[in-house]
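Visitor: got a structure for you, letters missing:
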């Protein structure tokens, strides 16, 4: 899965660290992330030094997020002016590589361009460690951006000097990064598994039934409710499989297997803007892995295909 970046090691403990010119720097514009496109076709994050060439203020305000191996990642909440971004769209640069990796990852000598893109574009990064770092950095960046003012008294907040938190200097309220729990359920009936597909969602591949855990629910309650609401089925023998951090929606996803209980006729939920387009039972031998080695969904489907699911 995409968070499996070995042999690289993710260090998310709080640190005080000043940025170097070649360190990756996250810049956001709303829900979009500033990406660097290399002449070779690869994608990376811009570096602190490159951002300083585009906006001195944005580069000066960079602060530490986390490290992968010995490579720190930084964030600035200062947006790059459009004029500066246009002027800096193409210029020659030299930047440090990620760890021992060089050309085509964090940066290389040659022409490059910059563009604000949807976060899903980071999935095109060739380096798995950089991909993971960019996604988690964007998750933290959006959290910092949304908490620049206290939701309790409206005063401008400050970053804590001792932990990864935001504090109101007036009322003292502390804010910590938001992580929303999600359940994903592989519903099975013997040697068949239920695959679904959303009608209007950007993700066009097959998926498993999934949803956010609501207030007052256990994970098991959320599973029963989501299955009932989405496909009109009842389930039993719920058993935990594995989990995955999912920074694309600030979530922690818990994956479960469950057996269909009783009638297996699918009744699709057709309410809302992302209603299901289909729900189909597929046998083990007919399963095709559509998105391998990235998401929890397809790792669970792979486990089912290979008879590795929890029993």
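Guide: Noted; the coordinates are in hand. Keep in mind the model is a prediction, meaning the values are calculated, not measured. Residues are numbered from 1 along each chain as shown.

Visitor: Could you list the single helix or strand in the chain with the lowest mean pLDDT?
Guide: Least confident helix or strand of the chain, by mean pLDDT, DSSP states H and E, is strand 91-93 with a mean of 38.

Visitor: What's the mean pLDDT across whatever helix or strand comes next after that strand?
Guide: Downstream of strand 91-93, the first helix or strand assigned by DSSP states H and E is strand 110-118. For strand 110-118, mean pLDDT rounds to 81.

Visitor: Please apply the same query to stretch 124-132.
Guide: pLDDT averaged over stretch 124-132 gives 94.

Visitor: One more: stretch 136-149?
Guide: Per-residue pLDDT values across stretch 136-149 average out to 96.

Visitor: same thing with stretch 261-275?
Guide: Taken as a whole, stretch 261-275 carries a mean pLDDT of 80.

Visitor: ends of that stretch, how far apart?
Guide: By CA to CA, to the nearest Å, the extent of stretch 261-275 from end to end equals 23 Å.

Visitor: what are the phi and psi values for residue 253?
Guide: Backbone torsions of residue 253, given as degrees, to the nearest 10, read phi -100, psi 130.

Visitor: Next, the contact list for it, please.
Guide: 182, 183, 184, 210, 243, 244, 245, 246, 296 (CB atoms under 8 Å, 6 or more residues apart in numbering). For every residue, glycine as well, the C-beta is placed using N, CA and C.

Visitor: What separation is there between it and residue 136?
Guide: Separation of residue 253 from residue 136 (CB to CB, to the nearest Å): 14 Å.

Visitor: What's the first helix or strand after the host helix or strand of residue 221?
Guide: Residue 221 is part of helix 219-231, with elements assigned from DSSP H and E. Helices and strands here follow DSSP H and E; after helix 219-231, the next one along the chain is strand 235-246.

Visitor: what lines up beside that next one in the sheet?
Guide: Applying DSSP bridges, strand 235-246 is found paired with strand 251-260 (antiparallel).

Visitor: Distance from the chain centre to stretch 35-42, please.
Guide: How far stretch 35-42 lies from its chain's middle: 21 Å, per CA atoms, centre = their mean, to the nearest Å.

Visitor: Straight-line length of it, end to end?
Guide: Where stretch 35-42 begins and where it ends lie 10 Å apart, using CA to CA.

Visitor: got the buried residues for it?
Guide: The neighbour-count check on stretch 35-42 (16 or more other CB atoms under 10 Å) flags 35, 36, 37, 38, 42 as buried.

Visitor: secondary structure class for residue 140?
Guide: At residue 140, secondary structure determined by DSSP: H, G, I helix; E, B strand; the rest coil is helix.

Visitor: so residue 196 touches residue 187, yeah?
Guide: No: using CB atoms under 8 Å, residue 196 and residue 187 do not qualify as a contacting pair, with a distance of 9.3 Å.

Visitor: And the two? Which one has more around it.
Guide: Remark: of residue 196 and residue 187, residue 187 carries more neighbours, 27 against 20, as counted by other CB atoms under 10 Å.

Visitor: Next one: the more buried one relative to residue 133, how far apart?
Guide: Residue 187 is 34 Å from residue 133, by CB to CB.

Visitor: pLDDT weak spots in this protein?
Guide: Across the chain, the ranges flagged by pLDDT under 70 are 86-111, 201-203, 270-274.

Visitor: can you map out the helices along it?
Guide: 48-54, 56-60, 82-87, 128-146, 219-231, 296-305 (DSSP state H).

Visitor: export those helices to a markdown table and tack on distance to residue 263?
Guide: Listed next are these as a markdown table, based on distance: least, CB to CB, whole Å:
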| stretch | distance to residue 263 |
| --- | --- |
| helix 48-54 | 58 |
| helix 56-60 | 58 |
| helix 82-87 | 57 |
| helix 128-146 | 40 |
| helix 219-231 | 11 |
| helix 296-305 | 21 |
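
Visitor: Minimum distance to residue 30: which of these has it?
Guide: With CB to CB, the closest approach to residue 30 among these belongs to helix 128-146: 8.4 Å.

Visitor: what angle sits between the closest one and strand 251-260?
Guide: Compare the direction of helix 128-146 with that of strand 251-260 by axes from the mean of the first three to the mean of the last three CA atoms, to 10 degrees and you get 110 degrees.

Visitor: For helix 128-146, buried residues please.
Guide: By neighbour count on 16+ other CB under 10 Å, the buried set for helix 128-146 is 128-144.

Visitor: Over to stretch 297-306?
Guide: 297, 298, 299, 300, 301, 303, 304, 305.

Visitor: Now for residue 196 and residue 187: what residues contact both?
Guide: Contacts common to residue 196 and residue 187, judged by CB under 8 Å, 6+ apart, are 208, 209, 231.

Visitor: ok, the nearest residue to residue 184 once chain neighbours are set aside - contacts?
Guide: Excluding the flanking residues, the one nearest residue 184 by CB to CB, 6 or more residues apart in numbering is residue 210, at 4.1 Å. Neighbouring residues of residue 210 by CB under 8 Å, 6+ apart: 182, 183, 184, 185, 226, 253, 297.
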